[in-house]
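1. Quick one, fold the following:
(chains A and B)
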Amino acid sequence: MMLRVKNLESGYDNIKVIRKASIHVSPGEIVTIIGANGAGKSTLLKTITGLIRPRDGDIHFDGRETTLLSTEKIAFLGCSLVPEGRQVFAPMTVKENLLIGGYLRHKRREGRGEGDLDRIYGLFPRLKERENQFAGTLSGGEQQMLAIGRALMGGPKLIMMDEPSMGLAPLIVKDIFSIIRRLRDEGNTVLLVEQNARAALGIADRGYVLETGKVILEESAAELLKNKEVQRAYLGKEKKEIWER
Amino acid sequence: MDIWDEIHECMPREELEQLQLERLQATLNRVYKNVTCYRKRFKELEIDPEDLQSLTDLTKLPFTTKEDLRENYPYGMFAVPLREVVRIHSSSGTTGKPTVVGYTRNDLKTWSNLVARFMTAVGVTHDDVVQIAFGYGMFTGAFGLHYGAETIGASVIPMGAGNTEKQIMIMQDYKTTVLVGTPSYAITIADKMEKMGVDPKTLSLKVGLFGGEPWSEAMRREIESRLFISATDNYGLSEIIGPGVAGECMHKDGMHIFEDMFLPEIIDPDSGSVLPPGSIGELVLTTLNKEALPMIRYRTRDITSLDYSPCPCGRTMVRMQKTMGRSDDMLIIRGINVFPSQIEEVLMSIENCEPHYQLVVSREGSMDILEICIEVTENIFFDEMKRQRAFLEKVEKRIESTLGVGVTVKLVEPNSIPRNEGKAARVIDKRQF
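-> The predicted model follows:
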């Protein structure tokens, strides 16, 4: 197992957000966590990456316990987060942003990751075109590509993505998701948190449904797409059917 | 031999336990939210689904029994609205109301794949012709095996139970390779073939998948030698999903429980406490992935034991022994637990003995009397009283040494014990408690 989370409890101040959640990610799969606004999806990712300290439970990454490790240590071990809202370094160029991502490789004494640049540019030709442009001048979709590229530069074993579709036009979302799928097909492991349940389940292998901090379903993505409860709550399907009638 | 779902069936135990915990927690959160009867009971016992942090914490939860299903008859235990249920089955209600079970579309798919797992495990492939001799209708057996065989891609003959002569004709003409039914019906078919003069060696049959009632190793040997097939066992009950809970692999040394879907425990049927691995007791199952009708610690009433040692087939899933009877079938004769299957095993081991028998329990004063009626066949009908008595004594002695309790054996006329094409009712308890 790449990632194993057991009985995780975490939150902010007096508010318990994640309530005894257990999830896992096996190597080579895309796992998605779907849920409504405020269900605790982002909190879960932030706790895994060490940005929030868990109150209870344990986290194992790549065979080692990371429950109480610092964020930089967890990232060093190969667990990368593509944060919500991209968070690219706006006053730096696209290339500089990517090279910063390669810093982890340097720290692991794996070189500076210059070789990775070509791979990233192959994946996102658009970034190559805008290599010397400031990141802040990119469109939302391009910034998302940059954020993913930056994470990949670190040579991660697990890429976690927080709402990569947020604020993007449907066509761009399609692009981004086909790239995530391609990453998996090339052997990467992805944990994807999404409000756009339909798009996420469309590319994922497995999924969890999070509701008020609790996991209420674990199934293959294909089964979740057919689950009526998921359709009603997250895919807006039933409404459409009523309207059609 | 192929494995239908290698990822799950051969999952390393550590990964399996993580998956079980995740699914168990999700199931509890779901039943707490959606099933009134569970929520009420958890609240009464002051249990929060969050309290369950390991698989062993399961013991904190209350059992579910058939009575709970009856009290919530018909749909009270469903965890989804009825409009999401696409199939309803029910168990025969011999005592009181029947129990009703439901399936969502995903449940039906899960069910088909589980049956495909154990059918594949005994060698069924898309090249086979599968004759289903279970009764269709409300009983889950026929549909389960039907879906499993179709999922594999085999050709399915939905024959149904009964009409033995026609069954045999179809077997001959349609070149059936796989027979599905109850083990007692397999013997009925063998009897009929004998009578009709059909040589089983001329048939294409190679595998039999038998279930629906407990049967012994001796009965397996009889079916195998009379029908020239490999007779395999599988296990399931409609309250959990139907067939597809467990099934044998080619090694025929216990049935692999599909633990990614069902969490097994063995308990002492009287005290309800969990017994250590390897003990004989009642099987309790918790569903991990059912949508329409999740079950928390359902008491199956079936007596068995679990074997966690690795199986040479490569599956990592625990094996349950053949069910040794039902905890409510269990007879207590003069303080000793007796299972009808033990008696069957002895009868079958004695040459010349057909498995058609009936147990009659009565009480004289405070003394329990167990009488075993065996149907006479040509082989054991002796003109000489002396030989007959010697035979009876031999049977009595063997049974007494196996059970540790004295019995009377009686010979009865051929065909005087009611034959059952479905499940066999072999015990008559005349005692007044």
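2. Counting neighbours, what do you get for B:V86?
-> By other CB atoms under 10 Å in any protein chain shown, the residues close to B:V86 number 13. In short, each C-beta sits where N, CA and C put it, glycine included.
3. same thing with the one 3 residues further on?
-> Neighbours of B:H89 under the rule other CB under 10 Å: 21.
4. quick one: contacts of the helix or strand hosting it?
-> Taking DSSP states H and E as the criterion, B:H89 maps to strand B:85-90. Outside strand B:85-90, the residues within contact range by CB atoms under 8 Å, 6 or more residues apart in numbering or on different chains are B:78, B:98-105, B:107-108, B:138-140, B:143, B:238, B:242, B:292.
5. among those residues, which are in reach of chain A?
-> B:104-105 (CB under 8 Å from any CB of the partner chain).
6. Out of the contacts of strand B:85-90, name the ones that lie in helices.
-> Among these, the subset assigned to helices under DSSP state H consists of B:105, B:107-108, B:140, B:143.
7. So the closest residue to B:R221 other than its chain neighbours versus chain A, what's the distance?
-> Spatially, and ignoring its direct neighbours in sequence, B:R221 is nearest to B:M348 (7.5 Å; CB to CB, 6 or more residues apart in numbering or on different chains). Distance of B:M348 to chain A, computed by CB to the nearest CB, to the nearest Å: 44 Å.
8. these two touch, right, B:M348 and B:R220?
-> No: using CB atoms under 8 Å, B:M348 is not in contact with B:R220; the gap is 9.3 Å.
9. circling back to that earlier point, and the residue nearest to B:R221, what pLDDT?
-> At B:M348 the predicted local confidence, pLDDT, stands at 79.
10. May I ask which helix or strand encompasses it?
-> helix B:340-349.
11. any idea how far that helix is from the chain center?
-> Offset of helix B:340-349 from its chain centre (CA atoms, centre = their mean, to the nearest Å): 17 Å.
12. One more: stretch A:146-166?
-> Worked out by CA atoms, centre = their mean, stretch A:146-166 lies 7 Å from the chain centre.
13. swap in stretch A:98-111?
-> For stretch A:98-111, the distance to the chain centre is 20 Å (CA atoms, centre = their mean).
14. end to end, how far does it reach?
-> Using CA to CA, to the nearest Å, the span of stretch A:98-111 from its first residue to its last is 14 Å.
15. mind listing what's buried in that stretch?
-> A:98-99, A:101-102, A:104-105 (16 or more other CB atoms under 10 Å in any protein chain shown).
16. do stretch B:334-352 as well
-> Neighbour count says stretch B:334-352 has B:337-348 buried, by 16+ other CB under 10 Å.
17. can you check stretch A:48-65 too?
-> A:48-50, A:52, A:54, A:56-57, A:59-62.
18. Just the ones of the residues you listed in strands?
-> A:56-57, A:59-61 (DSSP state E).
19. Can you give the domain ranges for chain B?
-> B:1-327, B:331-429 (automatic domain parsing).
20. just these: most buried one?
-> domain B:1-327 (a mean of 19; mean count of other CB atoms under 10 Å in any protein chain shown).
21. now that domain, how far from the centre of its chain.
-> For domain B:1-327, the distance to the chain centre is 7 Å (CA atoms, centre = their mean).
22. Let me know the average pLDDT across that domain.
-> Rounded mean pLDDT across domain B:1-327 is 94.
23. So which of the ones in helices among the contacts of strand B:85-90 is the closest to chain A?
-> Taking CB to the nearest CB as the measure, chain A lies nearest B:R105 of those, at 6.0 Å.
24. who's in contact with B:A218?
-> Counting by CB under 8 Å, 6+ apart, B:A218 has contacts B:344-345, B:347-349, B:355.
25. can you pull out the helices in the chain?
-> With no chain named, the answer covers chain A. Secondary structure of chain A by DSSP H: the helices cover A:41-48, A:71-76, A:94-101, A:103-107, A:114-123, A:125-129, A:140-153, A:170-185, A:197-203, A:221-226, A:228-230, A:237-244.
26. wrong chain, I was asking about chain B
-> Assigned by DSSP H, the helices in chain B fall at B:6-9, B:13-34, B:36-44, B:66-71, B:105-121, B:140-152, B:164-173, B:183-196, B:217-227, B:340-349, B:385-403.
27. so A:S80 touches A:A151, yeah?
-> Yes: counting by CB under 8 Å, A:S80 does reach A:A151; the two are 4.2 Å apart.
28. and for those two, which residues touch both?
-> Here A:S80 and A:A151 have A:I159 as joint contacts, going by CB under 8 Å, 6+ apart.
29. in the stretch 201-350 of chain B, which spans are strands?
-> B:207-210, B:230-237, B:242-248, B:255-257, B:262-267, B:281-287, B:298-304, B:306-307, B:319-320, B:331-333, B:336-338 (DSSP state E, counting those that start in this stretch).
30. got those strands as a markdown table, with distance to B:R13 columns?
-> A markdown table is the format used below for the strands of the stretch 201-350 of chain B (distance: least, CB to CB, whole Å):
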| stretch | distance to B:R13 |
| --- | --- |
| strand B:207-210 | 27 |
| strand B:230-237 | 21 |
| strand B:242-248 | 17 |
| strand B:255-257 | 13 |
| strand B:262-267 | 13 |
| strand B:281-287 | 18 |
| strand B:298-304 | 20 |
| strand B:306-307 | 13 |
| strand B:319-320 | 13 |
| strand B:331-333 | 37 |
| strand B:336-338 | 32 |
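31. A:P156 is nearest to which of the ones you listed?
-> strand B:262-267 (34.1 Å; CB to CB).
32. what residues does the closest one touch?
-> Against strand B:262-267 from outside (CB under 8 Å, 6+ apart): B:20, B:24, B:55, B:58-59, B:240-241, B:245, B:257, B:273-275, B:277, B:279-288, B:297, B:299, B:304-306, B:318, B:320.
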